[in-house]
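Asker: Mind folding the following:
(one chain, ligands or ions: 3)
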Amino acid sequence: MISRWTTAVLDTDLPGGWAVARSPEGFLFDDNGALFPREWLKRQDLSILAEHGIGHLDGEPVYLLELHSPLDIPGCNWKGLRAFMLEDDHTLYKVLGYAAQVGTWAREHRFCGSCGTRMSQIPLERAMYCDACDLRHYPRISPSMIVLITRGDEVLLARSPRFVTGVYSTLAGFAEPGESAEDCLVREVREEVSIEVKNIQYMGSQCWPFPHSMMLGFHAEYASGDIVPQEDEIEDAQWFNVHDLPPLPASRSIARYLIDLYVARRLGHAEPVLPG
Ligand SMILES: NC(=O)C1=CN([C@@H]2O[C@H](COP(=O)(O)OP(=O)(O)OC[C@H]3O[C@@H](n4cnc5c(N)ncnc54)[C@H](O)[C@@H]3O)[C@@H](O)[C@H]2O)C=CC1
Ligand SMILES: [Mg+2]
Ligand SMILES: [Zn+2]
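Answerer: Numbering: from 1, shown residues only. Ligands and ions are numbered 1, 2, ... in the order given. Predicted coordinates for the structure are as follows:
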């Protein structure tokens, strides 16, 4: 199947195409969705912080207008990326997820982190350039590991105080400098629930644009220790039987995929597909 959406670095001097607008309140949308004719959008009184050409949707160029602040446009509203993630239009979510990461980077890389000089966009490369330092600043991607720990028919799931009430998920954490993904897994599991794991197996990855994680998904088996939830980070952690699971994370998350895959294998059901 030909992908409807492909990323690309496009020349912002060329006219036409579609545009999405993003502000600290999320993306602009109306009854037709979140893509607007670019020339029409640019005629509105927007406070544009940066403009980037981000790719092609069904062959048509798509641009991002990253705004300083939201603006009232009749018939339009603003909505966060998470809300789009929970909706059915997977392609639109991919477009907006990418736009969000480019927008976050554009917002946070206007000035060189080394010397403070204002930077400029490099044509045909997703990079901001500091002329004074001859330095390129690329979009930030944060490798994070996520792991489902199992013990026979039981899976270890935990709650962060940030989660929706009642929802339990797999353990996750950001990689630190000097770590492999597996090192990160062992450290995070020790920190968050104080147990040891074995037979670590890589299961797949997922872009998680909240704001710029690259999730590296693993399965691991319980080896030893009793659960001791990390103060402040983990509100509760428990072993749950695959026949009696609590409310789980959103179906598009790799956390949910790791859980659903294990349960499917355990119960002999059809296996889920990892959402991109
Ligand atoms: N797609 C999915 O299924 C899931 C994705 N996630 C994502 O995984 C990531 C890591 O999970 P957490 O448990 O929140 O991480 P964590 O266990 O490492 O704890 C969060 C703490 O890490 C620090 N931190 C924040 N950003 C960082 C960065 N870029 N690099 C290093 N340290 C940083 C902060 O002190 C923060 O309070 C998050 O982006 C989260 O949204 C988490 C669970 C499910
Ligand atoms: Mg964590
Ligand atoms: Zn510089």
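Asker: quick one: average confidence on stretch 197-205?
Answerer: Throughout stretch 197-205, pLDDT has a mean value of 98.
Asker: ok now it, how far from the chain's centre?
Answerer: How far stretch 197-205 lies from its chain's middle: 20 Å, per Cα atoms, centre = their mean, to the nearest Å.
Asker: Equivalent analysis for stretch 42-59, please.
Answerer: With Cα atoms, centre = their mean, you get 21 Å for stretch 42-59.
Asker: residues in contact with it?
Answerer: With contact meaning Cβ atoms under 8 Å, 6 or more residues apart in numbering, stretch 42-59 is reached by 4-12, 14, 17-19, 21, 35, 61-69, 71, 73, 91, 95, 98-99, 102-103, 106-107, 110, 121, 126. (Glycine included, C-beta is placed from N, CA and C.)
Asker: show me the contacts for whichever residue of the chain sits closest to ligand 2.
Answerer: With Cβ to the ion as the measure, residue 173 is the residue of the chain nearest to ligand 2, at 4.2 Å. Contacts for residue 173 (Cβ under 8 Å, 6+ apart) come out as 144, 145, 184, 187, 188, 191, 192.
Asker: mind running it again at 7 Å?
Answerer: 144, 145, 184, 188 (Cβ atoms under 7 Å, 6 or more residues apart in numbering).
Asker: which parts of the stretch 1-150 of the chain sit against ligand 1?
Answerer: Contact residues, the stretch 1-150 of the chain versus ligand 1 (Cβ under 6 Å from any ligand atom): 142, 144, 146.
Asker: If we use 8 Å, what do you get?
Answerer: For the stretch 1-150 of the chain, the contact set with ligand 1 under Cβ under 8 Å from any ligand atom comprises 140, 142, 144, 146.
Asker: who's in contact with the strand or helix carrying the last one?
Answerer: It refers to residue 146. For residue 146, the host element (DSSP states H and E) is strand 142-151. Outside strand 142-151, the residues that touch it by Cβ under 7 Å, 6+ apart are 155-156, 170-175, 181, 184-185, 188-189, 197, 212-222, 239, 254-255, 258-259, 262.
Asker: Out of these, list just those in helices.
Answerer: 181, 184, 185, 188, 189, 254, 255, 258, 259, 262 (DSSP state H).
Asker: What remains of those if I keep only buried residues?
Answerer: Buried subset of those (neighbour count, 16 or more other Cβ atoms under 10 Å): 181, 184, 185, 188, 189, 254, 255, 258, 259, 262.
Asker: Just list the residues touching the first one, thanks.
Answerer: With contacts taken as Cβ under 7 Å, 6+ apart, residue 181 has the following neighbours: 143, 145, 175, 216.
Asker: Could you dump these into a markdown table with neighbour count added?
Answerer: Putting those into a markdown table (neighbours: other Cβ atoms under 10 Å) gives the following:
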| residue | neighbour count |
| --- | --- |
| 143 | 16 |
| 145 | 29 |
| 175 | 19 |
| 216 | 23 |
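Asker: SS state for residue 191?
Answerer: helix (DSSP: H, G, I helix; E, B strand; the rest coil).
Asker: Tally up the residues packed near it, please.
Answerer: By other Cβ atoms under 10 Å, 13 other residues sit near residue 191.
Asker: contacting residues around it?
Answerer: Here residue 191 is in contact with residue 230 (Cβ under 7 Å, 6+ apart).
Asker: Read off the pLDDT value for it.
Answerer: For residue 191, the model assigns a pLDDT of 98.
Asker: With residue 132 instead?
Answerer: 98.
Asker: Also residue 2?
Answerer: The predicted local confidence for residue 2 is 55.
Asker: can you check residue 235 too?
Answerer: Residue 235 carries a pLDDT value of 97.
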